[in-house]
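Q: I would like to see how this sequence folds:
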Amino acid sequence: MDTQRLSLMVDMLDELATGRWYASRPGFITATRRQPTFLPDLWIANVDHPLGASGCAVGFACLDSRFAGLNLRDLEPTTRAPALLPGYPTRLASGWEAVCVYFGLENEMARWLFGADGNPQSWAQVRDWLRMVLECAARDQAQTAPALERSLRAAG
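A: Okay, the predicted model is just below:
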């Protein structure tokens with residue numbers, strides 16, 4: 001789990017929920033518009049509208065320069081993924097695979113957080129789910145770190 005990238009997502013979702021978010025990726029904005037030009041105005045004017053589902057959070061991240069390496073291709077997220085075999089170049093991951101690779105999530109967790117199955121009611125709810133996941137990860141790390149340290153010392 002890439003907690004740094006997920007923490008950035010929490011920040012972005014907070015900005016979306018409070019109307020403070022601006023597209024910052026070159027190529028998706030114009031000099032007179034702060035929002036991406038290809039998105040319907042309904043999605044921009046009221047991001048807590050049912051059309052602004054949690055999966056759209058990934059789409060908005062693709063338009064935010066803080067998420068370098070996460071891109072949009074035909075309105076589908078893409079990112080570079082490790083090669084399937086040693087010695088081969090990286091490959092392009094798209095869709096859910098891109099979300100999983102970029103944020104370091106298992107497929108089930110990615111779909112729970114960013115898919116329509118969770119039926120989120122707002123950007124704030126998705127932000128709160130992500131905060132809960134990050135808090136659990138931090139708690140788990142705090143509990144396992146001392147045991148791991150003892151094991152490493154014992155191993156010599």
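Q: show me where the protein has its strands.
A: In the chain, the strands defined using DSSP state E lie at 71-73, 76-81, 91-94.
Q: give the buried residues for the second one.
A: In other words, strand 76-81. The neighbour-count check on strand 76-81 (16 or more other C-beta atoms under 10 Å) flags Pro77, Thr78, Thr79, Arg80, Ala81 as buried. The C-beta positions use only the backbone N, C-alpha and C, and glycine is treated the same way.
Q: next: the shortest one.
A: Taking 16+ other C-beta under 10 Å as the neighbour-count basis, strand 71-73 is seen to contain the buried residues Asn71, Leu72.
Q: what mean pLDDT would you report for that strand?
A: In this model, strand 71-73 has a mean pLDDT of 81.
Q: kindly report the same for stretch 79-95.
A: 91.
Q: how far away is the closest residue in space to Gly104 that isn't next to it in sequence from Ala124?
A: Spatial nearest neighbour of Gly104, chain neighbours left out: Asp2 (3.8 Å); criterion: C-beta to C-beta, 6 or more residues apart in numbering. Asp2 is 22 Å from Ala124, where distance means C-beta to C-beta, to the nearest Å.
Q: returning to what we had before: check contacts around the residue nearest to Gly104.
A: Tyr102, Phe103, Gly104 (C-beta atoms under 8 Å, 6 or more residues apart in numbering).
Q: mind checking how far it is from Leu8?
A: For Asp2 relative to Leu8 (C-beta to C-beta), the value is 9 Å.
Q: could you do Arg139 as well?
A: 20 Å.
Q: can you pick out the residue with more neighbours from the two?
A: Leu8 (16 against 10; other C-beta atoms under 10 Å).
Q: right, and the more buried one touches Arg66 too?
A: Yes: using C-beta atoms under 8 Å, Leu8 makes contact with Arg66 at a distance of 5.2 Å.
Q: quick one: low-confidence parts of this structure?
A: 26-55, 117-118, 145, 148, 152, 156 (pLDDT under 70).
Q: can you do 90?
A: 16-60, 62-63, 71-78, 84-85, 94-95, 108, 110-126, 137, 139-156 (pLDDT under 90).
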